[in-house]
Each structure stands twice: as structure tokens, then as C-alpha cells.
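Visitor: Would you be able to build a 3D model of this:
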Amino acid sequence: MSTLVGSHLQNGKYTVEQELGRGGFGVTYKAILHSLAQPVVIKTLDASLRRDPNFAQSQQQFQDEAKRLALCIHPNIVRVMDFFTENGLPFIVMEYIPGATLDAVVLPNMPLAEATAIHYIRQIGLALKVVHQNGLLHRDVKPQNLILRQGTDQVILIDFGIAREFSPGAVQTHTSFVSPGYAPIEQYLPQEKRTPATDVYGLAATLYMLLTAQVPAPSILRDRQPLREPREWRSDLSARVNQAVVRGMAVEPQLRPASVDEWLQLLPDSQFASQPTPSTTTQAATVAVIPQHRPVSRPAPRSVPTVVAASPRSQLWRYVLIGGLAAIVAATVGALVARQPSTSNPSVAQPSPVAPPSSPTSTQEAATPAPEAISAPTPPVLPEAPEPSPPDEPEPPAPTSPEPEGDLEPAPPSTSPSLPPESESVPPEPPDEKAAEQQQEAEERAAEAAREAEKQEKERAKEQEKGDGKKRD
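Guide: The predicted structure follows:
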């Protein structure tokens, strides 16, 4: 196996330092550009292909596609810096991107958060739109070909080793180089139409892996090995992102979205919080042509236990229950005050609505939807406080104007500009001892009901923990 490590290219302009990867027909090296004293990546055809009768055609195709790739200028596409031919081999010089591939970022059984995965996939989707606009298909979209630039949240699309031109509607020959799990069914067939739906499949399959930490079933085996939907691995994923992945990974090309832009519109909007690049970042893993695939059969990630979300939910309803009891007590006090004669506006005795407690954290909200806000709930299991009867003693007449005896409505406030309404009101007498006792009894019943509800909640939590323990056993 020949290698160019240690050789000088373009009259010493570049010095090849190490081999980074070797694929079916291409080799990738890390080199130094001496004029700028910076590392670069150099890709070329495998020298063993010179014995192939179609080598001249492959060489011309490599050169044509390098020129097309140079036109694909986008922040999320690796930048082409130079192209030359030397010793009968074509060479492409590209920028060297320090960072880790997403395959290395997603550790076993540790998938990315939904918002983070969508943030990365949207970047690559926009890059693929530029590739397609220039008449190319990448045809090898997978986590191993996406680099998370060191110290940033920027993802770069690399490795256009099997990129090909496509003519819409035309039947063209596909190469036999595929990445199981990420290659659609048409890449396994010698003669098939080339469309952007090929890259849609790879992009959706990549999102599948980022969300589940699992390599999806190869498309060619899907008739015998059905695809497990992402939510079967992670129940906390949104239904919308689950549906987007399933549609993008449809086996038949005509059942997928026709373009990357159409597929991106299926993804939910997400609030991405910037995170530091993982400490596992390495430079050696940035430009491998065909890195080793993760095995398809990996242990399933631990499912999110429901007990985690159940505890805050029970606490929430406990607070709502106590808030409802407080509302009953407040209503009782308001009724007592409203029974006292007064010429002021009787609406002031109405209790204020009880604000619901603060909602759980965002992680818990993803697993358990928060209940609707409740202004003043009255639990049906609790007895309502009896409304106190009015005092038996007759009310003393007002000193300013006599009022008829009987249980009549309070007089409306005066609208005379010379005498404000407050001067006509009679100060209410304090509630008698019987009303005070009734209020105290209502408060004691409310407190007892709250303690009983809390006791029942604890018993239900214990029963749930026992049930979960039996399930785990």
C-alpha cells in the first residue's frame, strides 16, 4: 500500500505529515502549507487505481467535481483552497477543521438533547441546499462526516469523496460505496434516479442517530428489520420530530420530501442553548474518509423513568389543592364580612383568585405536560365550609338616617358631589363570637383536609415506587 507521508508537493509548497483516512478509492492526508504555516487537508485518488482501465475517466471526474465543490461556498461546508495535478494524480486541498465528528460527540447511550440535535441538523440542511443548487449530491451524509468545530456550536459538512452530479428525472449509475444505516435504498441499486431525496434520507438518518445514539437499520434490510421509531428509544421526544425522521427515512424515494428545504420545514422550532464543545474533541478524527461505523446492534439507552416526572407533578397538584383550601377559607371570611351592613360597594369582600404554583423545570415539562392554570379550584372530595347564618340580634339603626328593619340590600353609595360616599357609610360591627367560632372551625377543617390529602399523596407515591421497582426487577 503506497503512501505519500513525508513527501513534498508543488515544489515544497505542501509537506504531507500523516494519513488521516483511506476509503474505497480516495486517500486523505494532513499536510502543512508552508507559506501560511497552517495545517491543511489534501485528498487524492488511490494510486492503485492507475491500473484500472477507467482511471482516466475517474481522474477527470475527480477534477470536475473538485471545481464544482469549490463553488459550494457556505459556512457549514468545508472550504476548498487549491487544486492541482502531480505525478498523474489529482489533489484537492481543503481547510483543516479542528474538532470532533458528531459520531464521537454522541457517546454510547448518551444521545443529544432534541434542541441541540435539531440545531446541528438545520446547519447541515442549509449546507446541502447549496450543494444541490450546484448540481451535486453528497450521498454520504452521516455523523462521521460532520465535524463540530472546536470551541463553537458550528457543524461542518466534510468528505465529498462520493459526491456526484445529478440530473433531475434522469436514471444514472450509483457507485457501490455506501454507509449502512445512512444510505437509502437507491444507492444499493446500480441504475436509479438521482434526486435530493437521497441526501434527505442521510440527513434524517443522521438526526435519528443523534437523538437515539443508535445506528438505524440499513435501508436494504427494512423489509425484514422494520425501523424502530425514535420515540421507541426515547419517549420524551416530540411527536413532530419523530414524524420528521420517519418521513425522511421512507424506503421509497417518492415517499420522502422532495427537497431538503421541504424536509426541514417538518422539524419543530427549538430553543437551542449554546453549550461548550465536549472535552473529547480531537483533531485526528476530523477528516476520515470512511471511518469505522458503530455496530448496528448496540445496547438500548436507558429509558427515562416516569417516576422522575411524577414527583414534581404530585407536588404541583398538592400545592394547587392547598391553594384551593385557602380559597375556601378566604371565601368564608369574605362571606362573614359581606353579611355586615355597609353602604360601600359589596364587591370588595370577594376573594382574590389564587395564583397557581410555578411550573416544573423544562426537562420535566418535556416528559409531563403542565396542567392548566387554576384560579380557585375546589376539590370535589373536600366538604365545603358551611355558610354562616346572619346574627340573630337586630342591627342597630344608623345614627344619621333610620333604616327599616329586615334583611335588606345595602343602600347604594351617594353620588352627591357635596358629600362623598364614605361619609354616609356606617362602620361595620365586628363579627360576633358565633361567627368567629364558625370561621375557626372552617379553618380547622381545611387544615385537616390538607393533611389528609398530603397523606394520601404520599401513599400513592409509595405504591408507584413499589410498582416501578417490580417493573425494573
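Visitor: what's next to stretch 204-214, contact-wise?
Guide: Identification of contacts with stretch 204-214 by Cβ atoms under 8 Å, 6 or more residues apart in numbering yields 102-103, 106-112, 114, 116-118, 120-121, 124, 141-143, 146, 181-182, 215-216, 228, 230, 233-234, 237, 241, 244-245, 247-249, 256, 263, 298, 300-301. Every residue, glycine included, has its C-beta placed from N, CA and C.
Visitor: Repeat that for stretch 41-59.
Guide: Here stretch 41-59 makes contact (Cβ under 8 Å, 6+ apart) with 1-2, 4, 9, 14, 16, 20, 22, 25-31, 62, 78, 88-96, 161, 287, 289.
Visitor: how about the CA coordinates for it, as CSV?
Guide: The C-alpha trace of stretch 41-59 is given here as CSV (Å, rounded to 0.1, in the frame of the first residue of the first chain):
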residue,chain,number,x,y,z
VAL,A,41,-6.2,18.6,4.3
ILE,A,42,-5.2,17.0,1.0
LYS,A,43,-7.3,14.4,-0.8
THR,A,44,-6.3,12.4,-3.8
LEU,A,45,-7.2,9.2,-5.6
ASP,A,46,-5.6,6.0,-4.5
ALA,A,47,-2.5,5.3,-6.6
SER,A,48,-3.6,1.7,-7.1
LEU,A,49,-6.4,2.9,-9.3
ARG,A,50,-3.9,3.7,-12.0
ARG,A,51,-4.2,0.1,-13.1
ASP,A,52,-7.9,0.5,-13.6
PRO,A,53,-8.9,0.8,-17.3
ASN,A,54,-11.3,3.6,-16.4
PHE,A,55,-8.7,5.6,-14.3
ALA,A,56,-8.5,8.5,-16.8
GLN,A,57,-12.3,8.9,-16.6
SER,A,58,-12.2,8.8,-12.8
GLN,A,59,-9.4,11.3,-12.8
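Visitor: Buried residues of it, list them for me.
Guide: Buried residues in stretch 41-59, counted by 16 or more other Cβ atoms under 10 Å: 41-46, 49, 55, 58-59.
Visitor: what's the answer for stretch 189-207, then?
Guide: For stretch 189-207, the neighbour count (16+ other Cβ under 10 Å) marks 192-207 as buried.
Visitor: Residue 230 - how many residues pack around it?
Guide: For residue 230, the neighbour count with other Cβ atoms under 10 Å is 28.
Visitor: Use 699 as the first number from now on
Guide: Let's use 699 as the start, then, which means that last one is residue 928.
Visitor: surely it meets residue 941?
Guide: No - with contact defined as Cβ atoms under 8 Å, residue 928 does not count as touching residue 941 (9.7 Å).
Visitor: pLDDT below threshold where in the stretch 949-1098 of the chain?
Guide: 971-1098 (pLDDT under 70).
Visitor: could you pull out the helices for this protein?
Guide: Under the criterion DSSP state H, helices of the chain are mapped to 753-769, 800-803, 812-831, 895-910, 928-931, 937-946, 958-962, 1004-1037, 1060-1065, 1131-1170.
Visitor: Quick check: mean pLDDT of the third one?
Guide: Looking at helix 812-831 alone, the average pLDDT works out to 97.
Visitor: then that helix to CSV, C-alphas only?
Guide: Below are the C-alpha coordinates for helix 812-831, written out as CSV (Å, rounded to 0.1, in the frame of the first residue of the first chain):
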residue,chain,number,x,y,z
GLU,A,812,-33.6,17.4,20.9
ALA,A,813,-33.0,21.1,20.6
THR,A,814,-29.2,20.5,20.2
ALA,A,815,-29.6,17.8,17.5
ILE,A,816,-32.1,19.9,15.5
HIS,A,817,-29.7,22.9,15.7
TYR,A,818,-26.9,20.8,14.2
ILE,A,819,-29.1,19.2,11.5
ARG,A,820,-30.5,22.6,10.4
GLN,A,821,-27.0,23.8,9.7
ILE,A,822,-26.2,20.8,7.6
GLY,A,823,-29.5,21.1,5.8
LEU,A,824,-28.7,24.6,4.7
ALA,A,825,-25.3,23.4,3.5
LEU,A,826,-26.9,20.6,1.4
LYS,A,827,-29.2,23.1,-0.2
VAL,A,828,-26.1,24.9,-1.6
VAL,A,829,-24.6,21.6,-2.7
HIS,A,830,-27.8,20.7,-4.6
GLN,A,831,-28.1,24.2,-6.2
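Visitor: Break this structure down into its domains, please.
Guide: With domains defined by automatic domain parsing, the chain comprises 699-794, 796-992, 1004-1085+1129-1170.
Visitor: Return the per-residue confidence for residue 744.
Guide: For residue 744, the predicted pLDDT is 87.
Visitor: What count of nearby residues applies to residue 767?
Guide: 22.
Visitor: mind listing what the nearest residue to residue 890 once chain neighbours are set aside touches?
Guide: The shortest distance from residue 890 to any non-neighbouring residue, by Cβ to Cβ, 6 or more residues apart in numbering, is to residue 884 (4.0 Å). Taking Cβ under 8 Å, 6+ apart as the criterion, residue 884 is in contact with 872, 890-892, 896, 951.
Visitor: so of the residues you listed, which ones are in strands?
Guide: 890-891 (DSSP state E).
Visitor: Out of the contacts of residue 884, which comes closest to residue 1136?
Guide: residue 951 (76.2 Å; Cβ to Cβ).
Visitor: can you tell me how far the closest one sits from residue 822?
Guide: Here the criterion is Cβ to Cβ, to the nearest Å. By it, residue 951 lies 20 Å from residue 822.
Visitor: Show me which of the two is the more surrounded one.
Guide: residue 822 (26 against 19).
Visitor: got the contact list for the closest residue to that one other than its chain neighbours?
Guide: In space, and not counting its chain neighbours, residue 822 is closest to residue 855: 5.5 Å by Cβ to Cβ, 6+ apart. By Cβ under 8 Å, 6+ apart, residue 855 lies in contact with 774-776, 822, 825-826, 829, 836, 839, 843-844.
Visitor: Next, format those residues as a markdown table and append distance to residue 1140.
Guide: Output for the contacts of residue 855, formatted as a markdown table (distance: Cβ to Cβ, whole Å):
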| residue | distance to residue 1140 |
| --- | --- |
| 774 | 66 |
| 775 | 71 |
| 776 | 73 |
| 822 | 64 |
| 825 | 67 |
| 826 | 67 |
| 829 | 72 |
| 836 | 72 |
| 839 | 67 |
| 843 | 70 |
| 844 | 65 |
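Visitor: Out of those, which end up buried?
Guide: The neighbour-count test (16+ other Cβ under 10 Å) marks 774-776, 822, 825-826, 829, 836, 839, 843-844 as buried among those.
Visitor: I'd like to know which of those residues is nearest to residue 735.
Guide: Nearest to residue 735 out of the buried ones among the contacts of residue 855 is residue 776 (Cβ to Cβ; 20.2 Å).
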